[in-house]
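Novice: Quick one, what's the 3D model for this:
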Amino acid sequence: MPYSYIGVRRSAAQASLAQALAALSEEFRLPDGFGPEVLAEVETVIAGHQLPAPDLTALPFITIDPPTSLDLDQAMYLARSGDGYVVYYAIADVPAFVPAGGPLDTETRRRGQTIYTPGQRIPLHPLRLSEGAASLFANDPRSAYVWEIQLAADGSQTSCSVQRATVRSIAKLGYEQAQEMYDAGTGPSAVAGILALLAEIGTKRITLERARGGASLNVPAQEVELVEGKYVLEFRPNLPIEDWNAQISLLTGMAAAQVMIEGKVGILRTMPAPDEEAIAAFRRQSLALGKPWGHDMAYGAYLRTLDTADPKHLALMHAATTLFRGASYTPFNGTVPEQILQAAVAAPYAHTTAPLRRLVDRFVLAICAALCAKEAVPEWAIAALDELPEIMAASNQLANKVDKAAIDTVEAALLSHQVGGEFDAVVLAGPNKNGHTTKAAPARSFIQITVPAVSAYCEGDLEPGSVVRVKLESVDIATRKVKFVLAQAATPVI
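Specialist: Numbers count the residues shown, from 1 in each chain. Just a heads-up that it's a prediction; the model follows:
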């Protein structure tokens, strides 16, 4: 999918868009600020916070995040160890700032995670914490849970542990900045060394992912941002460094799962393997679109061969989402559950690397640190295990709804002045695939406009992977409704 960066400028549409986006908070009943008792507790905790005794500030950690991020959950330091490697992955010490049973603990359980809308975010924690005392800012000593993961020469894990320690990041890098520094071989020697090892380790971890049957669905992210007074919508393909960075996070989540399984207490992020019917349907579609998925190739390896610039491949990426369903949280205490795998990861896995933005990670960190230290797991962490799946399921559902509504609103505003215009598009899925045909409504197929970066429905039973010319018939920003009709016959899939 070609890079598309389209903005809604200040106009009647911009005013309508701003009003519609502002209404999302009320529509979805999003929290508005934090109560005085929560803020007072935060100030008290920050004032009394002490850095842990293990001092790892001599290690030059770096952070790699979206450039505007201030809630920095992770910092890494990578080094060689014999013919292998050692990964130090520092995670924000959120448990130290959230007293069990206090007002902040109660409020974070009500929220579950940070919710993002264009130009606004509803944070899980007050900004004094998430973008202040607990965030792993560069050049400031910070308390963190530091994972130490030893890797063999091929990148496979040989040992792991986690403990609280004091760390200091030496650089805050954005994704593009980090990629440019790596490509050019520039930057401070310590940073350049870490980026070089990140590429080396990340590439080896991707090879291991393929070997175990794991899968990463690298569909370009559709993002809405407020830039210089206008909302913009873009498809942004993942950079290689983002893929490598994600592999370090996956490695840590797998290590956390291993620690909790061995300790027989914790909470895993699980997902069942796709059923035979879904796999068979996807194989048929891959054959129909001219990119057969052979029986001798794992589906993760197959997905990495798809090219988003090819309409047929883009349709296959969309279809592949049917293989990534049913993710949930599985708590346990005393007995390891039968289902421990996260099918897309193809290994046991746990959420542990984003405690500033996701509730469950705080509990995983505390559990893993206690198990590694051979100490009793905190009672407050054990007591929460059974309620965490319901909290996280509800917050995930809300976050997905808000994200979709925001994107739909911006898409409608982008198109509002182009009613009657025609666009090139790719058919991602037909009506039967998405279940949108009813007796009361005509068949609709799911399409992807090339420019601007808009996904929508078009009337008609269209063949996935075909290239179509569509006409924009109507737009309503307030209701987020966009209607396309076929302007001319589709170009068939060859």
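
Novice: where in the stretch 351-494 of the chain is pLDDT low?
Specialist: Residue ranges of the stretch 351-494 of the chain with pLDDT under 70: 432-441, 489-494.

Novice: For it, which segments count as strands?
Specialist: For the stretch 351-494 of the chain, strands defined by DSSP state E, counting those that start in this stretch occupy the ranges 422-429, 444-449, 455-459, 467-476, 481-491.

Novice: Highest mean neighbour count out of these?
Specialist: Highest mean neighbour count among those (mean count of other C-beta atoms under 10 Å): strand 444-449, with a mean of 23. Yep, even glycine has a C-beta here, placed from its N, CA and C like the rest.

Novice: Make TSV out of the strands of the stretch 351-494 of the chain and add distance to residue 72.
Specialist: Formatted as TSV, the strands of the stretch 351-494 of the chain follow (distance: least, C-beta to C-beta, whole Å):
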stretch	distance to residue 72
strand 422-429	35
strand 444-449	33
strand 455-459	31
strand 467-476	39
strand 481-491	36
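
Novice: right, so of these, which gets closest to residue 68?
Specialist: Judged by C-beta to C-beta, the one of the strands of the stretch 351-494 of the chain that comes nearest to residue 68 is strand 455-459, at 24.4 Å.

Novice: coming back round to it: indicate which one of the strands of the stretch 351-494 of the chain is closest to residue 100.
Specialist: Of these, the one closest to residue 100 (C-beta to C-beta) turns out to be strand 455-459, at 42.9 Å.

Novice: Which neighbouring elements make contact with that closest one?
Specialist: Packing contacts for strand 455-459, counted by 3 or more C-beta pairs under 8 Å, 6 or more residues apart in numbering; DSSP states H and E, involve strand 422-429, strand 444-449, strand 481-491.

Novice: Where does residue 280 fall, secondary structure wise?
Specialist: For residue 280, the element it lies in under DSSP states H and E is helix 276-288.

Novice: Contacts for that helix next, please.
Specialist: With contacts defined as C-beta atoms under 8 Å, 6 or more residues apart in numbering, helix 276-288 is touched by 274, 292-293, 299, 302, 315-316, 319-320, 322-323, 464-465, 493.

Novice: That helix: what's the following helix or strand?
Specialist: Sequence-wise, the next helix or strand downstream of helix 276-288 (DSSP H and E) is helix 299-303.

Novice: got a list of what the closest residue to residue 28 other than its chain neighbours touches?
Specialist: The spatially closest residue to residue 28, leaving aside those adjacent along the chain, is residue 402, at 5.4 Å (C-beta to C-beta, 6 or more residues apart in numbering). By C-beta under 8 Å, 6+ apart, the contact list for residue 402 reads 24, 28, 30, 115, 116, 117.

Novice: ok, back up a step: residue 249 is nearest to which of the strands of the stretch 351-494 of the chain?
Specialist: Across the strands of the stretch 351-494 of the chain (criterion: C-beta to C-beta), the nearest stretch is strand 455-459, sitting at 26.9 Å.

Novice: and the angle for that closest one with strand 481-491?
Specialist: 70 degrees (axes from the mean of the first three to the mean of the last three C-alpha atoms, to 10 degrees).

Novice: just to revisit the earlier point, can you say which of the strands of the stretch 351-494 of the chain is nearest to residue 413?
Specialist: strand 467-476 (8.3 Å).

Novice: Neighbouring strands - and their directions - for that closest one?
Specialist: strand 422-429 (antiparallel), strand 481-491 (antiparallel) (DSSP bridges).

Novice: Now distance to residue 48 too, for the ones you listed, in a markdown table please.
Specialist: Formatted as a markdown table, these follow (distance: least, C-beta to C-beta, whole Å):
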| stretch | distance to residue 48 |
| --- | --- |
| strand 422-429 | 53 |
| strand 481-491 | 52 |
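
Novice: Identify the spatial nearest neighbour of residue 406, chain neighbours not counted.
Specialist: Closest to residue 406 by C-beta to C-beta, 6+ apart is residue 117, at 5.1 Å.

Novice: what about that neighbour, neighbour count?
Specialist: Burial of residue 117 is recorded as 20 neighbouring residues (other C-beta atoms under 10 Å).

Novice: going forward can the numbers begin at 4, since that is how I track them
Specialist: I'll keep to 4 as the first residue from here, and by that count the last item is residue 120.

Novice: bridging residues for it?
Specialist: residue 123.

Novice: contacting residues around it?
Specialist: 24, 27, 28, 405, 409.

Novice: Now do the second one against residue 156, distance only.
Specialist: Translated: residue 27. Residue 27 is 50 Å from residue 156, where distance means C-beta to C-beta, to the nearest Å.

Novice: dump the residue contacts of residue 389.
Specialist: By C-beta under 8 Å, 6+ apart, the contact list for residue 389 reads residue 334.

Novice: Just name whatever secondary elements the strand or helix carrying residue 149 is in contact with.
Specialist: In this structure, residue 149 sits in strand 144-154 according to DSSP H and E. Contacts defined by 3+ C-beta pairs under 8 Å, 6+ apart place strand 144-154 against strand 77-84, strand 87-95, strand 160-177, helix 243-266, helix 362-375.

Novice: and the angle from the last one to helix 243-266?
Specialist: Here helix 362-375 runs at an angle of 50 degrees relative to helix 243-266 (the same axes, to 10 degrees).
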